[in-house]
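K.L.:
Generate coordinates for the sequence data below:
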Amino acid sequence: MATKTNSNRGVANLLGQQRRVRILELLQEEGSARVSELSRVFAVSEPTIRHDLDRLQEDGLIVREHGGAFLKTIPDQVRSLSLQHTENRDRKRTIGRKATEFVADGDTIILDAGSRVTEVAKSLEGEHDLTIVTNALNIALLLGAHFGFEVMVTGGSSKVRRCP
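P.N.:
Sure thing, here's the model as predicted:
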């Protein structure tokens, strides 16, 4: 009986390690993740995900924050923005798909920054011959890689003055 328990524990641990590797891969792709999303993705309880995230933080690979986690290499100021992109993702995708119904080939559209607007940009990927004006680098990078899109990034200027 003890052998069976040890064997089962080894399998559960291996599955946990595999899940933690996949969690790291998802964090690399998305930048951040919420506990509730990870729980759905891996079909395990939220306490199990929290345990996985705690282990990854102990290993120095991620930073835990209330309700989610981030890769350790992401600067603090970007973390809260990353979480905004994961909140209500399904609703934002629906909004993005609906907004693209108003876009026709040959149109010029302006997209500013924001998580909902990012979902609009992702939904545009099937369109052709669009001119997109944006101030958001993530949107410029996302859409600039598609044939048929002309992406214009608005600029700005900055002048640093020396103190007297």
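K.L.:
For the host helix or strand of residue 116, give me every contacting residue.
P.N.:
In the assignment (DSSP states H and E), residue 116 maps to helix 115-123. Here helix 115-123 makes contact (Cβ atoms under 8 Å, 6 or more residues apart in numbering) with 84-85, 87, 89, 92-93, 95-97, 99-100, 111, 132, 134, 136, 138-139, 142-143. For glycine as for every other residue, the C-beta is placed from the backbone atoms N, C-alpha and C.
K.L.:
Give the buried residues for stretch 34-49.
P.N.:
The neighbour-count check on stretch 34-49 (16 or more other Cβ atoms under 10 Å) flags 34, 35, 37, 38, 39, 42, 44, 48, 49 as buried.
K.L.:
Sitting in helices, which of the residues you listed do you find?
P.N.:
The members of the buried residues of stretch 34-49 that map onto helices under DSSP state H are 35, 37, 38, 39, 42, 48, 49.
K.L.:
the bottom helix or strand of the chain by mean pLDDT?
P.N.:
Ranked by mean pLDDT, DSSP states H and E, the weakest helix or strand in the chain is helix 76-86, scoring a mean of 52.
K.L.:
Report the separation between the residue most central in space within the chain and residue 41.
P.N.:
Closest residue to the average C-alpha location of the chain: residue 30 at 2.9 Å, with Cα atoms, centre = their mean. Distance of residue 30 to residue 41, given as Cβ to Cβ, to the nearest Å: 11 Å.
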